[in-house]
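In: Let me see the structure of the following:
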Amino acid sequence: KGVPTVNVLVLLRPQELSEKAVYNVDQYVMRGGRLLVLADKAEWAQPSERRQMNLRQVKTGIDSLLVTWGVRQAETLVKDDSCWTPLLHHNDRGRDIPMISKYPYLPFIGGENLNRAFPATAEAEMFIALFANPLEIEAIEGIRATPFLRTSRRSWTESYSAMVHPYDVTLAHGEAIHQYQVPGDDTSFVASPEHPLGSRVLGVALEGRFKSAFGDSAPPSQAKEGEASAPTELAHIPESQDGQRVVIFGDAEAFSDYAMFLCDPQGQFRSNVNMPILANCLDWLTEDEDLMSIRSRGIKRRLLNSDIPEPEKDFVQYLNYMIPAAIVLLGGLIWN
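Out: Numbering: from 1, shown residues only. A predicted model of the protein is given here:
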């Protein structure tokens, strides 16, 4: 009695959870239930006819819970110069112009920024975030924190803006592209103490002995005046057993249909973007690591090593186009 019947509880984009709801989650973890949190503090509205994407800041209600376990979610948005290049659109005087341009609100996480020592990301290919809020880790006695998703060293944060897309669009040779600055690249835009340039954590795994965010006693009854409070069958538990596990993502939007569309409009490899890491985290929470190794055996896109200089990368990419084109041309000449 008292053992959760749900193997993994998933908090998907919690918003303004009540104290009673937070207490129930807290006690679920104290009793041995595994928890997966997908939380961000940015809610977006569908792009309008002018392709403006409006964001508003929201409250999750679980900040006190996460802080007790050593994780603080910042109320800023992450932007990264190492980002995805999606197909977007720009409306210019009634003309709908397609744009294929780097979008810093879509940080690309791959290579060394995926923790290869953590089972869920040991063989993962990539993760693409969207409107993410960074996680700040604080050492808590009894809890081992393992960050497994980090942005590049050329990432930074910014405060919430009412409109994030498009922000600066220029037209060159009939093509529309985004223009943005990385702090420190220009003297007019320097990194600030509040928004420094550097890597940010977007995913962390916690393991150990967790303490209740409510201390040694349950909070007062949340029943309204004139209503009888619901009877409590289970006693308050102030601390979990050792070996408890919790996974926290600083981004829920990364798993939405809209994010998957931005990453791959044609739907050719959406299933290989973020979902494998999410599924592996579920397996890690339930301590079923055999499925991780099976899932990682699929066909992967072989990306160029991030340590290769950009000119060499460009040369290899050009060869990928030029050699097949030359073979086709030569074959056509021979056939003719």
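In: Would you quantify the distance from residue 179 to residue 126?
Out: Residue 179 is 25 Å from residue 126, where distance means CB to CB, to the nearest Å. For glycine as for every other residue, the C-beta is placed from the backbone atoms N, C-alpha and C.
In: For the two, indicate the residue with more neighbours.
Out: When residue 179 and residue 126 are compared for neighbours, residue 126 comes out ahead with 20 against 11, by other CB atoms under 10 Å.
In: Assign residue 259 to helix, strand or coil.
Out: helix (DSSP: H, G, I helix; E, B strand; the rest coil).
In: how about low-confidence regions in the chain?
Out: Applying pLDDT under 70 to the chain flags residues 1-4, 45-54, 89-97, 161-176, 221-233, 268, 293-307, 310.
In: Touching, residue 22 and residue 64? I think so.
Out: Yes - at 7.2 Å, residue 22 counts as touching residue 64 under the criterion of CB atoms under 8 Å.
In: and the closest residue to residue 137 other than its chain neighbours, what does it touch?
Out: Among residues not flanking residue 137 along the chain, residue 145 sits closest, at 5.1 Å (CB to CB, 6 or more residues apart in numbering). Residues in contact with residue 145 (CB atoms under 8 Å, 6 or more residues apart in numbering) are 70, 71, 137, 139, 204, 205, 206.
In: Of these - the most surrounded one?
Out: Of all these, the most densely surrounded is residue 204 (25 neighbours; neighbours counted as other CB under 10 Å).
In: So what's the gap between the helix or strand in which that residue is found and the chain middle?
Out: Using DSSP states H and E, residue 204 sits in strand 201-208. Averaging C-alpha coordinates over strand 201-208 and over its chain gives two centres that are 13 Å apart (CA atoms, centre = their mean, to the nearest Å).
In: what angle separates the helix or strand following it from strand 201-208?
Out: Remark: after strand 201-208, the chain's next helix or strand is strand 244-249, criterion DSSP H and E. Strand 244-249 runs at 170 degrees relative to strand 201-208, counting by axes from the mean of the first three to the mean of the last three CA atoms, to 10 degrees.
In: What is strand 244-249 packed up against?
Out: strand 34-38, strand 201-208, helix 275-285 (3 or more CB pairs under 8 Å, 6 or more residues apart in numbering; DSSP states H and E).
In: Please name the bridge partners of residue 11.
Out: Counting by DSSP bridges, residue 11 is bridged to residue 37.
In: Residue 72 now?
Out: Beta-bridge partners of residue 72, as defined by DSSP bridges: residue 136.
In: Report the separation between it and residue 133.
Out: 10 Å.
In: now do residue 31
Out: When residue 31 is compared with residue 133 (using CB to CB), they lie 28 Å apart.
In: the more surrounded of those two?
Out: Each of residue 31 and residue 133 has its neighbours counted (other CB under 10 Å); residue 133 has more, 24 against 15.
In: how about that one, what does it touch?
Out: Contacts for residue 133 (CB under 8 Å, 6+ apart) come out as 39, 40, 41, 42, 73, 74, 75, 76, 77, 78, 250, 251.
In: What about those, which are in strands?
Out: 42, 73, 77, 78 (DSSP state E).
In: Residue 22 and residue 64: which is more packed in?
Out: residue 22 (20 against 12).
In: how would you label the more buried one: helix, strand or coil?
Out: Following three-state DSSP, we place residue 22 in the helix state.
In: Leaving out the residues flanking it, which one is nearest to it?
Out: Nearest to residue 22 is residue 65, by CB to CB, 6+ apart, at 5.6 Å.
In: Am I right that the one you found is in a helix?
Out: Yes - counting by three-state DSSP, residue 65 is part of a helix.
In: What count of nearby residues applies to it?
Out: Neighbours around residue 65, by other CB under 10 Å: 25.
In: Return the residues in contact with it.
Out: If you count contacts by CB under 8 Å, 6+ apart, residue 65 has them with 22, 25, 26, 213.
In: Distance check, it against residue 56.
Out: Residue 65 is 23 Å from residue 56, by CB to CB.
In: beta partners for residue 204?
Out: Note on residue 204: beta-bridge partners residue 147, residue 248, judged by DSSP bridges.
In: from memory it sits against residue 150, does it?
Out: No - with contact defined as CB under 8 Å, residue 204 does not count as touching residue 150 (10.0 Å).
In: tell me the helices in the stretch 51-200 of the chain, going along the chain?
Out: Per DSSP state H, counting those that start in this stretch, the stretch 51-200 of the chain carries helices over the ranges 63-68.
In: can you give me how far the longest helix along the chain is from the chain middle?
Out: In the chain, with assignment by DSSP state H, the single longest helix is helix 310-335. On the basis of CA atoms, centre = their mean, helix 310-335 sits 36 Å off its chain's mean C-alpha point.
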